[in-house]
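> Quick check, what structure comes out for this input:
(chains A and B)
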Amino acid sequence: MPSAFRHPKNLSEWIDLGRYGTARRFLSGWSPWMLVAALVSLGLVMGALLLDKKTAFQSGPLSHSHGSFNNACAQCHTEPFAPAARLILSNSNFSSVSDASCVKCHNAGIHHLAEQFQPSCASCHKEHQGERDLKRVPDSECLQCHKDLQRADNAPPQVAQSITGFDAKSHPEMRIHQAIGGPSTDPGTVRFSHQSHLKPDGIFTIASFLPNGDANRVRKILRCADCHQTDKSGNLMTEISYDAHCKSCHPVPVRLAGTPSKNPRYTKFETLVANFQARPALHPARGQDTSATLGELRQRLEKLIGDPPQVQIMDYLDFQYGFFNGVFGARREMSDWSKAQMKFLAEQLFHPFGKDGKPSQAGCLYCHTADPKSADPIPLAKSNIPKRWNRHALFRHQSHQHLDCQSCHKAQFSQNTSDILMPTIKQCMDCHHTGSGGARADCSECHKYHPENGSRDIQSGPYSHTLEALTRGGNHGP
Amino acid sequence: MLIDHTHRSWIVGTFAVGMGAVTLYFVLDYFTPGGGLRGGDTVGLWYGVAGSALMVFAGLISALRRLPSWWFLGQRRVWLRGHVWLGLLSGVLILCHSHFRMGGPLEFLLMVVVFLVIGSGILGLLLQQFIPALIREQVESEAPLSQLDEILLRMRDQSDDLYSKAVGELADEVARLRVQGFYLETARPWLSEVLPVDSPIAHAPISREIFAQTAKIQGGPNLMAFLTRLEGYCNERRQLARQQQLHKILHTWLLIHVPLSVMLLILGIAHVITALYW
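Model (predicted):
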């Protein structure tokens, strides 16, 4: 039932007819609350600006590696209103962070000269997402090109044209195992049998040479780490070098022509000769050829003979070796003797054969292969031991140190140098896969976009930022 | 505003546009390398612009209330429906723009404010479906609440007049004191703007009983007329109190919705400027 007292005819008696014509009080109704909300909002914004707390306006926290200039936005954001340009022009190429900002500190090289487009740094390395590894770029960035690889010069790609993931169907076998242009073999020319060196009961090695030139042999059990060590980074293996890894077991003996005299008159000189023969020949260092070996021997010979040559030595050598009377006629020159000895030593190093007609452990041919085309004094083929096998992937041995070497490298069965002992990609996929319980299998786990020791064609390099410049914002350094 | 069949086109349109926008966003996100879209990408920015534009449109309704009904502004009904449905749609677009992230400090605060504004708006919309009907059912003598103080003043004035006449003719001192005590301590306070706590006549049955007892006082015709009128006033005041209560429930959500809308506007402007600059 409606009101018993108020009805349309007497309504004027109950209400104030002039109410809606009067001015409202200031701050009536919702106005006070709206004013409070406005003041609070403005206070927050102005407070952040006045207190220089630009972090309040960030879209997300920076990664720790960039934390030193968390409040200095201009260190990276050098392109004002770039987002506005992205919006108005609908062009994602307007980046808030220019590549020049990044390269000031990060000297990252170009990925490939023939890549179809060069993405900006910020398009792959997205900041303001809190603590994350900025180097780990999502696979989708890589697959932009590698899903269907095309070169800017339209030449055929030198790597697989389509790579879409890390499984047997999506990722090709490593190039070292692919028979591209012929069988895939180790290009090394140094004869080596891993099986011989990894015998469980050890092998005989040459500990030293006796004065008579015979070898002093001892038994030694070899492990992989006796020859293969990681570099300082713990990732790659150091190169095999003769001096570090072979010399202790395979010294190269030298023997002067002639036999020792029983004449006690020449004991002193024969001692000198014995000392000469007890010291192995020098093996050429990396980058040197066999002339280094012969040069060192020549120096030792000259030292043996003396300068000026001693008459007693000449007499001894004439008596003992007889070169001057037989081979070179009546001339008695130390240089003739030296030349003859050098010729003898070179032949000894290059053509030493044992009683069975096979190369003996003395001499280069025991390990090295002859190369008739070589211009070296001792014509040997280059060793060609690969410095690094997988040039397009970075393997971290340190991360895999819990594994036995031979679980990936089947060296215990290898007899030939030509055997490739690198694991296949399937072996990697046994652990690295996207299924549950698998190790990481994203592209950046093994591959690096920026080449090592790369640089860009813009001003870059080590840069000394002052602390004030970093934390207070403003332009980059001097 | 009742959500009835006349809203069908708005509901369908909002749902269709919302689903289309979300679907398009997820498709673009799937094909965007590097972890998908972000708020600062071109697509994300356009979603932000669209969401902000709808929010601004929704907020303009408060300004519209202060403007005359100019023909080119369109119908208020349309604006109100747009406020509701496009306001909801703006939340969807802003969620897409943010890539469903809360973001940094300012963005986090903005997202909270957006949720509160939209949430309080939804609450208000739901209340508006039920509370007016309750008012119609429970408050038969509904009055404009802005005139409540005037109505109560009239009630008190008229009650005072009747009271004077009724008491004046009572010869019995005890009766007079009883009527005086009942009116001044119980009934009249009930007719004020601020209701007394635990008033005995707050409940209709108890009020009827009290008035029935009071009516037994021996007095003249004025007394009966006074008590009858007073009971009517008290009953009506009870209904007006119920109307006040339901009105408060119906409008309390505005205490969150309106101020936070102002906050949303100011913080949103700050976000737009800083985001487009950096």
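
> number of nearby residues for the closest residue to chain A within the stretch 51-200 of chain B?
Across the stretch 51-200 of chain B, no residue is closer to chain A than B:Ser141, which sits at 3.6 Å (CB to the nearest CB). All C-beta spots, glycine's among them, are computed from the backbone N, C-alpha and C. Using other CB atoms under 10 Å in any protein chain shown, B:Ser141 has 19 neighbouring residues.

> Check A:Asp52 too.
A:Asp52, neighbours per other CB under 10 Å, totals 11.

> need the helices for the stretch 251-400 of chain A, in chain order.
For the stretch 251-400 of chain A, the helices defined by DSSP state H, counting those that start in this stretch cover A:267-278, A:291-305, A:311-321, A:323-326, A:334-350.

> buried ones in stretch B:121-129?
For stretch B:121-129, the neighbour count (16 or more other CB atoms under 10 Å in any protein chain shown) marks B:Gly121, B:Ile122, B:Gly124, B:Leu125, B:Leu127, B:Gln128 as buried.

> quick check, nearest of these to B:Arg237?
Comparing these against B:Arg237 with CB to CB places B:Leu127 closest, at 24.3 Å.

> Apart from its neighbours in sequence, what residue is nearest that closest one?
Once flanking residues are discounted, B:Leu127 sits nearest to B:Leu250: 5.4 Å by CB to CB, 6 or more residues apart in numbering or on different chains.

> picking that back up, now the weakest link among the helices of the stretch 251-400 of chain A, please, by mean pLDDT.
Lowest mean pLDDT within these: helix A:323-326, at a mean of 46.

> and A:Gln116, what does it touch?
By CB atoms under 8 Å, 6 or more residues apart in numbering or on different chains, the contact set of A:Gln116 is A:Cys145, A:Gln150, A:Arg151, A:Ala152.

> Pull the contacting residues for the last one.
When contacts are counted by CB under 8 Å, 6+ apart, A:Ala152 is found next to A:Ala114, A:Glu115, A:Gln116.

> what about the residue nearest to B:Leu127, how many neighbours?
Residues contacting B:Leu250 under the criterion other CB under 10 Å number 17.

> Am I right that B:Leu223 is in a helix?
Yes. Looking at B:Leu223 with DSSP: H, G, I helix; E, B strand; the rest coil, it is inside a helix.

> Thought B:Glu169 was touching it, still the case?
Yes. Between B:Leu223 and B:Glu169 there is a contact at 7.1 Å, judged by CB atoms under 8 Å.

> Comparing these two, which residue is more hemmed in?
Neighbour count, other CB under 10 Å: between B:Leu223 and B:Glu169, B:Leu223 has more, with 23 against 12.

> which residue packs closest to the more buried one, ignoring adjacent ones?
Nearest-residue entry for B:Leu223: B:Ala166, 4.3 Å, with adjacent residues in sequence omitted and distances by CB to CB, 6+ apart.

> these two touch, right, the one you found and B:Ile217?
No. Assessed by CB under 8 Å, B:Ala166 is found out of contact with B:Ile217, at 9.8 Å.

> thinking again about what came up before, distance of the residue nearest to B:Leu127 from B:Leu145?
11 Å (CB to CB, to the nearest Å).

> Equivalent analysis for A:Asp226, please.
Applying CB to CB to A:Asp226 and B:Leu145 gives a distance of 96 Å.

> ok, back up a step: nearest spatial neighbour of the residue of the stretch 51-200 of chain B closest to chain A, skipping sequence neighbours?
Distances taken as CB to CB, 6+ apart place A:Ser3 nearest to B:Ser141, at 3.6 Å, with adjacent residues excluded.

> got the contact list for the nearest residue to A:Asp231 once chain neighbours are set aside?
Nearest residue to A:Asp231, sequence neighbours excluded (CB to CB, 6+ apart): A:Thr238, at 5.2 Å. By CB under 8 Å, 6+ apart, the contact set of A:Thr238 is A:His228, A:Gln229, A:Thr230, A:Asp231, A:Ala244.

> Phi, psi for the fourth one please.
It stands for A:Asp231. Phi and psi for A:Asp231, reported as degrees, to the nearest 10, are phi -80, psi -170.

> How many residues are close by it?
By other CB under 10 Å, the residues close to A:Asp231 number 12.

> and the end-to-end length of stretch B:2-16?
This stretch, stretch B:2-16, spans 21 Å end to end (CA to CA, to the nearest Å).

> what does it contact?
Contacts with stretch B:2-16, where a contact means CB under 8 Å, 6+ apart, come from B:Arg81, B:Gly82, B:Val84, B:Trp85, B:Leu86, B:Leu88, B:Leu89, B:Leu125, B:Gln128, B:Gln129, B:Pro132.

> Please repeat the previous calculation with a cut-off of 7 Å.
Contacts of stretch B:2-16 with the rest of the structure, by CB atoms under 7 Å, 6 or more residues apart in numbering or on different chains, involve B:Arg81, B:Trp85, B:Leu88, B:Leu89, B:Gln129.

> on that earlier part again, double-check the residue nearest to B:Leu127 against B:Leu125; I have them as touching.
No. Here B:Leu250 lies out of contact with B:Leu125, judged by CB atoms under 7 Å, at a distance of 11.2 Å.

> Using the three-state scheme, assign residue 239.
I went with chain A, as the question did not name one. Assignment for A:Glu239 (three-state DSSP): coil.
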